[in-house]
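J.: show me how the following folds:
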Amino acid sequence: MQILYDTKTDLLYLRLDEKKQNIVNKRVSDNIVIDIGEDQKVVGIEILDASKHLNLEKLLPLQYDVSALRAHDVR
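T.: Residues are numbered from 1 along each chain as shown. Predicted coordinates:
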């Protein structure tokens, strides 16, 4: 599992499956998007405006790679 956080966009992405695969995005609320992969398994979770919904200080120090998040097509 990877946790990626982009401070500029305030987007937290939980990548649950490292396997490269086609995904379908399903918005489940205004601020949460689920990435569904092969066999209808959840492979990622996007939390938009993460700092408004989570206490990021409790998650920190969080290792995150902004370039990896931008390179990963999370939408």
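
J.: in a strand, Val33, correct?
T.: Yes - counting by DSSP: H, G, I helix; E, B strand; the rest coil, Val33 is part of a strand.

J.: Ile3 is in contact with Leu14, isn't it?
T.: Yes - with contacts counted by C-beta atoms under 8 Å, Ile3 reaches Leu14, the gap being 5.8 Å. In this view, the C-beta of every residue, glycine as well, is placed from N, C-alpha and C.

J.: ok, those two, which is more surrounded?
T.: Taking neighbours as other C-beta atoms under 10 Å, Ile3 and Leu14 compare with Leu14 leading, 16 against 13.

J.: and the nearest residue to that one once chain neighbours are set aside, which of the three is it?
T.: Excluding the flanking residues, the one nearest Leu14 by C-beta to C-beta, 6 or more residues apart in numbering is Ile45, at 4.4 Å. Secondary structure assignment for Ile45 (three-state DSSP): strand.

J.: burial count for Ile45?
T.: Neighbour tally, Ile45, other C-beta under 10 Å: 16.

J.: wait, doesn't it sit right on Asp35?
T.: Yes - Ile45 lies in contact with Asp35 (C-beta under 8 Å); the separation is 7.2 Å.

J.: just list whatever residues bridge to the residue nearest to Leu14.
T.: Taking DSSP bridges as the rule, Ile45 bridges to Leu14, Ile34.

J.: about what we covered before: where do the contact lists of Ile3 and Leu14 overlap?
T.: Shared contacts of Ile3 and Leu14, defined by C-beta atoms under 8 Å, 6 or more residues apart in numbering, are absent.

J.: which residue ranges of this structure form helices?
T.: 50-53, 56-59, 66-71 (DSSP state H).

J.: tell me, which of the ones you listed is the model least confident about?
T.: Looking at the helices of the chain, the lowest mean pLDDT belongs to helix 66-71 (a mean of 52).
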